[in-house]
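**Student:** pasting the sequence and the predicted coordinates here, then a few questions.
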Amino acid sequence: MDGADLTSLGANMHETLRGLSASLSVRPARATPKTGPATLDTVPDYRDAQVILFVADTEAAARFYAHFGFRETFRTDETPPIKVEMALGGFGLGLALPGPAAQSHGITPVTAGHRACITLWTDDVEAAYRAAIAAGARDHAAPHPFLDGRLRVAFVEDPDGHPVQLVQRVAETG
């Protein structure tokens with residue numbers, strides 16, 4: 001993908017997100033006019049928090065996270081999409097291409113190393129670990145006891161190298 005393609009993708013993303021923002025209803029902040037530093041009374045309401053992972057292929061990443069039960073809630077119109085949003089329970093996960101994000105928003109996405117960790121709680125860490133490997137994850141640490149045996153934990157890496165922690169609470173015996 002050359003610079004012209006990225007410029008086009010960035011412009012399309014900007015227009016898509018501007019249209020989406022215009023269609024959303026925004027609740028007014030609870031703020032009351034005051035002078036001085038912000039207080040809890042002046043903080044706007046926030047909701048729908050989301051962590052964004054920068055990935056090389058949004059569609060491949062979405063397929064990977066769907067194996068854990070994430071469901072797609074949004075995708076941009078471009079092919080390939082420059083952003084896909086997913087949800088699991090109340091957790092929002094964005095999967096975005098780094099180039100268009102950098103170009104549109106002036107940020108510097110980090111695309112290497114363990115820059116974020118997704119933690120998923122499960123009732124069977126061994127089965128979750130096997131399923132993750134079967135879905136294309138790379139092994140990082142097989143299931144093992146943690147916190148004096150109160151938890152069983154495993155780590156895998158998604159196709160872009162983000163660590164995924166699988167955690168099981170161990171029933172107390174006795």
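**Tutor:** Everything's here; your move. For clarity, every value in this text was computed on a predicted model and none was experimentally measured.

**Student:** I'd like to know which elements whichever strand or helix holds Leu120 is packed against.
**Tutor:** In the assignment (DSSP states H and E), Leu120 maps to strand 118-121. On a contact count with 3 or more Cβ pairs under 8 Å, 6 or more residues apart in numbering; DSSP states H and E, strand 118-121 meets strand 163-169. C-beta: built from backbone N, CA, C; applies to glycine.

**Student:** in the strand it packs on, what's buried?
**Tutor:** 163-168 (16 or more other Cβ atoms under 10 Å).

**Student:** any idea where the strands of this protein begin and end?
**Tutor:** Ranges of strands in the chain, per DSSP state E, are 50-54, 71-75, 83-88, 91-96, 118-121, 138-146, 151-157, 163-169.

**Student:** where does the chain dip in pLDDT?
**Tutor:** The chain contains residues with pLDDT under 70 at 1-40, 173-174.

**Student:** can you pull up the most central residue in it?
**Tutor:** Leu93 (2.9 Å; Cα atoms, centre = their mean).
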